[in-house]
Structure formats: C-alpha cells, structure tokens
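Student: have a look at this fold, sequence not included:
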C-alpha cells in the first residue's frame, strides 16, 4: 500500500477505525479479529481506537484489548503497525457519551490503555474531545507530560478547531503530529482544519469518512456523483470517497470504520484509484 506520514512514522494511506467492532451492533470477536487481520493483509498499518469504544461500564477499553489480541494472533510481522488510541471521552454504559479532560484523569486513562494494549509506550495518543469544564491548555498539557515521560511516542488531538490546533502545537513544543476530526461528503465543516494541517504538515485523520456506521453503505445513494464516478472506474462509491479525500492533501489519512473483512479490503483498495481533476471538481461540488 502507498504510505503517508504521521510524525516520523510511515503508515498505510488508509487506516482502520475500530469503533464498529466494540459499540452497539458489534459482531462476535472472531469476525472482528478476521477484520483486523484482513486489514493487515491489505497493507493497513494504522489502527485507530479509543478507551471509550465499548458497550458497558464493565468493559471499558474493549476495542483496545480486542486490537491487542488481534495483533498477537496475526501470523505476520506487526512491528510496523501504529495503534492510535484516545482518552478524555467516556461512555458510562447507558449509551451516552461524557467528557473528562482533567490532567489527572487523562494520565490515569493513558496508564490503563497501556496495560490493555500490552505496550511500554503508546504509538499515538490523542486527546479525544475538548472538555468545556477544563482549560484546553491543561488537558493538552497532560498529553505533553505523557510525551515527555515516554508513556506515549507521539501526540495528537481530536475534534479540534484551528485555534486549538495552533494552541496544542505550541503547548507540545511543535510536536503535534495528528488531528482527528469528522470529515465526509455529508460533513465538510472541517475543511479549515484540513487546510491548516496541510499548511503545518500535520496528519489529518478524517473519522467517519464514509458517513458513519449506519450510513456508510448508503453513500452512493445519498451522493449520486460518487456512485457515478465509481461505475466509470469499476469501483465502489466508498472507494471513490476515500480516493477523493486522499487527493485533497498529502497529510490526509482516512480511518474508515469496519467490522467485516470485505469492507476494509474495499476501503484499502482506494489507494489505487486515480481520479482526474475534473472528477475531483465534480465530487467537491456534490
């Protein structure tokens, strides 16, 4: 697979989002592990997770532990796989989401993630979502402390605006390597963040790039032009969507969620789809 860069690490240009394997509607573990193995077979070397990807209050970190088991059981070399996890967003177990950006919490959450992933240092740790009750500088400062302590190898942020990107990079001493924001054909309000990341040479990781768990399969029917161009290339609308994102800037690394081997194989094939400037203009205008 073609590669792109996060910090000083080269990863496949398409990543795997792990959330669908651990929240509502999640499949059995055998299928999830088969999905992760299929991703690795296809050249995916970035796997995105979070401690909040779970169902019940009793299985916090379900997705992190699942990924650790899948990597351990894979027959090939996984030394080049970058696992990116996040902290600061919580699920009490009733389906809701809450926030805790306090430095003490983030540091304890990182320690728990380290144990579940079974690593000495987390490859990429991202502050999951700003907590309005906690100064943003304090939350990012905790991530900086984890970086300085060697608990994490690289630092990122998620769900951030341009001002927060600049602030986080300053607090981290120029060591911010990634921004993970929602971006898809239906959700384009992160264009300013994408453009800023391209300017600052920071990886931009679109989450829910195909429209989310419930709507990814409907992308072609919701946005006809993606399906039309797909037919012209013998590709799926989803592949066209990911190729469109890759063409936006060299820093873009989409992380489509998947819980089936066939869908991550389809997504990974998007790196080989070349779209013309005219096609890209049509997609931009959709």
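Tutor: Received it, and whenever you're ready, just let me know what you need. Computed from a prediction, not measured in an experiment: that's the story for all the values here.
Student: span of stretch 58-78 from start to end?
Tutor: Terminal residues of stretch 58-78 are spaced 29 Å apart (Cα to Cα, to the nearest Å).
Student: to clarify, my last question referred to stretch 68-82.
Tutor: Span of stretch 68-82 from end to end, Cα to Cα: 12 Å.
Student: stretch 269-281 now?
Tutor: 22 Å.
Student: contacts for that stretch, please.
Tutor: 1-2, 12-14, 42, 229, 233, 235, 238-244, 246-247, 254, 283 (Cβ atoms under 8 Å, 6 or more residues apart in numbering). Where C-beta positions appear, they are placed from N, C-alpha and C, glycine not excepted.
Student: buried residues in it?
Tutor: Residues of stretch 269-281 classed as buried by neighbour count (16 or more other Cβ atoms under 10 Å): 269, 270, 271, 273, 275, 279.
Student: would you verify that the first one is located in a helix?
Tutor: Yes: secondary structure of residue 269 (DSSP: H, G, I helix; E, B strand; the rest coil): part of a helix.
Student: for residue 107, give its distance to residue 118.
Tutor: Distance, residue 107 to residue 118, using Cβ to Cβ, to the nearest Å: 19 Å.
Student: between those two, which is the more surrounded one?
Tutor: A direct count of neighbours by other Cβ atoms under 10 Å for residue 107 and residue 118 places residue 107 higher, at 16 against 13.
Student: tell me the secondary structure of that one, please.
Tutor: The three-state label given to residue 107 by three-state DSSP is helix.
Student: now it, nearest residue through space, not along the chain?
Tutor: residue 142 (5.7 Å; Cβ to Cβ, 6 or more residues apart in numbering).
Student: likewise residue 152?
Tutor: Taking Cβ to Cβ, 6+ apart, and ignoring the residues beside it in sequence, residue 152 has residue 125 as its nearest neighbour in space, at 3.9 Å.
Student: in its sheet, what does the host helix or strand of that neighbour sit against?
Tutor: In the assignment (DSSP states H and E), residue 125 maps to strand 124-127. Its sheet considered, strand 124-127 pairs with strand 82-87 (parallel), strand 155-158 (parallel) by DSSP bridges.
Student: parallel or antiparallel, which strands does the next helix or strand after the first one pair with?
Tutor: Same thing as strand 82-87. The first helix or strand that comes after strand 82-87 along the chain, using DSSP H and E, is strand 89-90. Using DSSP bridges, strand 89-90 pairs in its sheet with strand 98-99 (antiparallel).
Student: gap between the strand it pairs with and the chain center?
Tutor: 19 Å (Cα atoms, centre = their mean, to the nearest Å).
Student: coming back round to it: ok, and what's touching the helix or strand containing the residue nearest to residue 107?
Tutor: Assigned by DSSP H and E, residue 142 belongs to helix 136-148. Here helix 136-148 makes contact (Cβ under 8 Å, 6+ apart) with 88, 101-104, 106-107, 110, 125-127, 130-131, 152-155, 157, 164, 167-168, 171-173, 175.
Student: checking the residue nearest to residue 48 when sequence neighbours are not counted next. Helix, strand or coil?
Tutor: The shortest distance from residue 48 to any non-neighbouring residue, by Cβ to Cβ, 6+ apart, is to residue 255 (4.5 Å). Here residue 255 takes the coil state, with states given by three-state DSSP.
Student: against residue 171, how distant is residue 255?
Tutor: Note on residue 255: its distance to residue 171, by Cβ to Cβ, is 24 Å.
Student: these two: which is more packed in?
Tutor: For residue 255 versus residue 171, neighbours defined as other Cβ under 10 Å are more numerous around residue 255 (24 against 19).
Student: fine by me, thanks again.
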